[in-house]
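>>> okay, predicted coordinates and the sequence, questions at the end:
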Amino acid sequence: MTTSDAVPVRAVCPGSFDPITRGHLDIIHRAASVFSEVIVAVGLNTTKNYMFDFDERLALTADAVADMDNVRVAPIEGLLVDFCKKQGAKVIVKGVRFGSDFDYELQMSQLNRQLSGIETVLLPAGREFGTVSSSMLREVAHNGADISAFVTDAVNRAVLAKVGR
């Protein structure tokens, strides 16, 4: 399926993207092939300790999706369903890696649907990056290992600068 074959529906792929990984990009690419427009919503969760500040995460995410014509990046604060309504999005797209991801996302999708009527599409993580998470990559990088296979070049440079290498 190509972008021109995509269903004429705007979708939102939300996340903290700290940092954005090739696993995230796989989900975004796949969503962009199905929906006419995808908004990558970079969020701020006050309970998380971030490696990158909000503006850095926005910039790194925008750089990572710059080659996708029907994808744009936007900041999100507050409830995801309120953001979706303001953007005219009908669908939330989330990637799931394991059963625990599915259990959590199922609960969230049911709540979001009840609050707003917005549907959630869960995409299974691709085999190549299905076991990788941003938090895992941050830990690996802090301990001196190479994460370049799992992130874009720009993200890799930014991570190396953060960890002092």
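Yep, that arrived.

>>> check which helices and strands the lengthiest helix in the chain sits against.
Among all segments of the chain classified by DSSP state H, the helix with the greatest residue count is helix 99-116. Judged by 3 or more CB pairs under 8 Å, 6 or more residues apart in numbering; DSSP states H and E, the packing partners of helix 99-116 are helix 80-87, strand 91-96, strand 119-124. From N, CA and C alone the C-beta is placed, and that goes for glycine too.

>>> contacts for the helix or strand that comes right after the last one, please.
Spelled out, that is strand 119-124. Using DSSP states H and E, the helix or strand that directly follows strand 119-124 along the chain is helix 134-142. Outside helix 134-142, the residues within contact range by CB atoms under 8 Å, 6 or more residues apart in numbering are 16-21, 24, 51, 147, 150-151, 159-160, 162-163.

>>> now the spatially most central residue of the chain: how far from residue 146?
Residue closest to the average C-alpha location in the chain (CA atoms, centre = their mean): residue 15, at 4.4 Å. Shown here: residue 15 relative to residue 146, a distance of 23 Å by CB to CB, to the nearest Å.

>>> considering the contacts of helix 134-142, which is situated nearest to residue 96?
residue 24 (12.6 Å; CB to CB).

>>> pull out the buried residues from whichever strand or helix holds that closest one.
Per DSSP H and E: residue 24 is located in helix 22-34. Within helix 22-34, the residues scored as buried using 16 or more other CB atoms under 10 Å are 22, 23, 24, 25, 26, 27, 28, 29, 30, 31, 32, 34.

>>> looking at those residues, which is nearest residue 102?
For the buried residues of helix 22-34, the minimum distance to residue 102 (CB to CB) is 14.1 Å, reached by residue 27.

>>> on that earlier part again, now do the residue nearest to the centre of the chain, the pLDDT please.
We note a pLDDT of 95 for residue 15 in this prediction.

>>> before we move on, what about the one 5 residues further on?
We have a pLDDT of 97 for residue 20.

>>> hang on, isn't the residue nearest to the centre of the chain packed against residue 43?
Yes. Here residue 15 reaches residue 43: they are 6.7 Å apart, a contact under CB atoms under 8 Å.

>>> quick one: name whatever helix or strand follows whatever helix or strand residue 60 lives in.
In this assignment (DSSP H and E), residue 60 forms part of helix 54-64. Following helix 54-64 in sequence order, the next helix or strand is strand 71-76 (DSSP H and E).
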